[in-house]
Every structure is written in C-alpha cells, then in structure tokens.
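Student: What follows is a protein structure lacking sequence information:
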C-alpha cells in the first residue's frame, strides 16, 4: 500500500512526502469517532522487573507509517498513547535487550476501538551480546522537518541492523556490534542520502540522514498459488519489498490486494538497491514455495538506474504445514511457555504426498538454527534430519545433534518442512511445503 495518498496529490513533491509519511489517513479511519487508548507495561522476561526507557514505535498496520510522537516507557515500565480508531502494531527496542518482535518476525496487528483502552503488555529478553555492543541514533529530515516512516539500516560487510524512524523523524538502532557502518534510509518514493557511523562498545554514535532525490524505479511482481490442501484463503494477499539482510519491510512498498489464486503487483517509487520480495508475513495458511527458497534463496530484485533485474519477480506459493503443539495461535506472535525438561515434544499435521519431514529449531533472537534444518555439501542443500512421513511428532534433540541446549527465558521458533522424493532434482528430493514463519514460537520456562 503506497504512502502517497490521494489526499496529498496536489501538494509539492517535498510536502507530499512529509504529509503522507506523517499520516494522511494515517490513524486507520474513524472520522469523528472518539480516540481509543493503547497502554502497556514492559518487563524483563526472566526477572519480571519493569523496564524504563524502552523505545516504543506505534505504526499504522495498514500503511507501515508511524503515528504519534516519540514514545518511551516511564520509570514503572509503562507506556500509553491516544490513537484514532483503526489497525495498529508496535515495535519495541532497548539497548541490552533483544527487539520485540524479533528481527525475523513482523508484529501482529491489533485494533483500537473508539473510547476503549487496549492493553498490550510486553516481555523483553536480555541480549546475549549486550556488553560488546553500542547504538546508533539520529534523525531523518527533509530540510528542517523530521520525516517519519523511514527504515534506517546500518550496514557493514554483509551484516545489517535496522530501525524505523518515529513520527518526529528520530530513530535508534540498538545492540550494534563495534564496527564502522554505512547508514542508509529506505522509503517509498524517495532516495535517502547515506551517512556513516563508527560504533564502539557501550557508546552511542550519531548519523543524521537527509531525504534525497525522487525515486523512479518500478518493480512488477506476480503471485500464484500452486497447490491448496484444505486451507481457508486469506481475505487479502500482501506483497512487500524487504531489506535483504534485516528482512524488515520497506515503508510504503507493501501492496495489499483482495485474495485470488493469481495476482499481479507493481511497486512504484523504488530507489536503487537490492530487495527481497515477500508474498506475506501473516499467518494465513499459505507459504511461499519452500523448495526454491532452500535451493536458491528468497526471491530478490536489484533496482539500478530505476530498472529492475529480473524484469519481473514471480512468487509461487502453496498451502502450509499445520503445527499442532507447542505453538502460538495463528492470530498472535506471543510465544507459549514450554518446560525445558522433559524435552519438548513437537507435533504437526500430516501433509499429503510428503515422503518425509525436516524439523528446524531456531533461536528467534539471533536467527541461529540449533537443531535440524539444512546444511550444504557440494553446492547442494542437505537435510540435517529426516523424519519419515508416517511420523508427525518428535522429541527435541532426539538424535543428539542439537548444537545448543534450550535456555530458560529465551524464545525459539520451530518449523516443519514437508519433502517429497524427486528423481529429477539434483538433490533427489523437493520441498513441497513448510509451516508458517510466525508459528511454532515457544518460550522456555
């Protein structure tokens, strides 16, 4: 959904950017309805101590545009903001703590109703590398005016860390390892002049960025559902351009269309850069074809001189493998509590035509796979574990090959891939489905 909204079309280019990103239509509707209130308390996931100074960014879930001013938790760990009725989501960050949601996951939207208070309490987990990291902060501006809704990424040697500028144009990126970074901004319709920052442990570097030229790139994309097994299709299908390292959606470069098995999208105002193309973040019972991702990586596009390569990105999707237990619900990314001992038992629904399954258990804060998943040999992917198709449950580390134990207080994501023998594939198999990205979230007691 473009951030260039109809109500701003007669304004100059610069004013258009400021107006649309600051929230033309930004609160999600409601007209003359009385505002509602969002409130919550942020606590340490292990000690339950309240956390002051947590940066909370509230944004319109329909447009990715931040709303409201800079928001931080008070001495009691509380935050509160008045919002126009509509759909919203939040992201939380604090130096020394893992972000919420984790970098690999999108936040789950919630609804603010007129005259009502919505409570969203959050737990944060202490970062394992807090003592060796610093932070980068600054502002995005057009002239002397701050610009909201810009994804700011600190990039160096194939790694990146990112945050979203708030409604005043300020951003803060926490838990950044010591190094020298190029700081870039990403937003629909415009380029952002890069900056630089050198991070040292325990210190905060500053990098202020300025809005640059109008972006002219166009990226066509298609979505096709190749198979559907007992799924209820979503009402809408969202396609997004995503940062290739941090995997955060670029503000303004998400398009939503009424669901159909075949859809065409076209992104306008794309700045020169490399992007991943994702069909959706939502738990909607449909996943992008996992075989092509495991073997060739996620679909991507390079925009140079306003022209995309490839000329069009094709996304193939299929119905997801259903997870049974332990897992969060489709409508939430709140992890379920699981005891570390005895070892958790993971169960899932049988997937038609599968020959076997692969389980993957990942530390959700770091993205590190600690059990199962895939490796490589001779340039081809290999399965680190193979589970016969007649089996739909397994104990954690039942083969003794986990690279780390489950740690109390930490959040993990487990996922199932359905595989089928394929003599025409160089690997001898093809993946035919997987479970949803945002299911299988567990927190170890």
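Tutor: Here it is on my side, so go on. These numbers were taken from a predicted model, which means no experiment stands behind them.

Student: can you pull out the helices in the stretch 1-150 of the chain?
Tutor: Remark: helices assigned in the stretch 1-150 of the chain by DSSP state H, counting those that start in this stretch are 13-22.

Student: pLDDT weak spots in it?
Tutor: For the stretch 1-150 of the chain, applying pLDDT under 70 flags the ranges 1-32, 63-64, 69, 103-105.

Student: With the stretch 201-350 of the chain instead?
Tutor: Looking at the stretch 201-350 of the chain by pLDDT under 70, you get 281.

Student: Can you show me the helices along it?
Tutor: In the stretch 201-350 of the chain, the helices defined using DSSP H, counting those that start in this stretch lie at 290-296.

Student: Domain parsing of this structure, as residue ranges.
Tutor: Residue ranges for the domains of the chain, per automatic domain parsing: 6-124, 130-214, 217-318, 324-444.

Student: want to throw these into JSON lines with mean neighbour count?
Tutor: The way it works is simple: take the backbone N, C-alpha and C, and place the C-beta from them, glycine included. Formatted as JSON lines, these follow (neighbours: other C-beta atoms under 10 Å):
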{"stretch": "domain 6-124", "mean neighbour count": "18"}
{"stretch": "domain 130-214", "mean neighbour count": "20"}
{"stretch": "domain 217-318", "mean neighbour count": "18"}
{"stretch": "domain 324-444", "mean neighbour count": "17"}
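
Student: What sits closest to residue 386 if chain neighbours are left out?
Tutor: In this structure, residue 386 finds its nearest non-sequential neighbour in residue 356, 5.0 Å apart by C-beta to C-beta, 6 or more residues apart in numbering.

Student: Tell me how far the one you found lies from residue 397.
Tutor: Counting by C-beta to C-beta, to the nearest Å, the separation of residue 356 from residue 397 is 19 Å.

Student: for residue 353, same thing?
Tutor: As defined by C-beta to C-beta, residue 353 lies at a distance of 28 Å from residue 397.

Student: try residue 435
Tutor: Using C-beta to C-beta, residue 435 is found at 19 Å from residue 397.

Student: and what of residue 261?
Tutor: Distance of residue 261 to residue 397, computed by C-beta to C-beta: 40 Å.

Student: Then residue 113?
Tutor: From residue 113 to residue 397 the distance is 45 Å (C-beta to C-beta).

Student: And for residue 417?
Tutor: Note on residue 417: its distance to residue 397, by C-beta to C-beta, is 18 Å.

Student: Just list the residues touching the residue lying closest to residue 208 once chain neighbours are set aside, thanks.
Tutor: Excluding its sequence neighbours, the residue lying closest to residue 208 (C-beta to C-beta, 6+ apart) is residue 138, at 4.4 Å. For residue 138, the contact set (C-beta atoms under 8 Å, 6 or more residues apart in numbering) comprises 152, 170-171, 183, 195, 197, 206-209.

Student: Closest one of the residues you listed to residue 368?
Tutor: For the contacts of residue 138, the minimum distance to residue 368 (C-beta to C-beta) is 24.5 Å, reached by residue 152.

Student: Tell me the pLDDT of the closest one.
Tutor: For residue 152, the pLDDT comes out at 96.

Student: ok, it touching residue 176?
Tutor: No. Counting by C-beta atoms under 8 Å, residue 176 is not a contact partner of residue 152; they are 11.6 Å apart.

Student: nearest residue to residue 285 other than its sequence neighbours?
Tutor: Spatial nearest neighbour of residue 285, chain neighbours left out: residue 231 (4.1 Å); criterion: C-beta to C-beta, 6+ apart.

Student: Any figure for the gap between the one you found and residue 303?
Tutor: Counting by C-beta to C-beta, the gap from residue 231 to residue 303 is 33 Å.

Student: and residue 132, what is it in contact with?
Tutor: Counting by C-beta under 8 Å, 6+ apart, residue 132 touches 177-178, 201.

Student: Narrow those residues to those in strands?
Tutor: Taking DSSP state E, the ones among the contacts of residue 132 that sit in strands are residue 177.

Student: what's the closest of the contacts of residue 138 to residue 424?
Tutor: For the contacts of residue 138, the closest approach to residue 424 (C-beta to C-beta) belongs to residue 152, at 44.7 Å.

Student: partner residues bridging the closest one?
Tutor: On the basis of DSSP bridges, residue 152 is bridged to residue 163, residue 185.

Student: Now for it: which residues touch it?
Tutor: The contact partners of residue 152, by C-beta under 8 Å, 6+ apart, come to 138, 140, 162-165, 171, 173, 183-186, 209.
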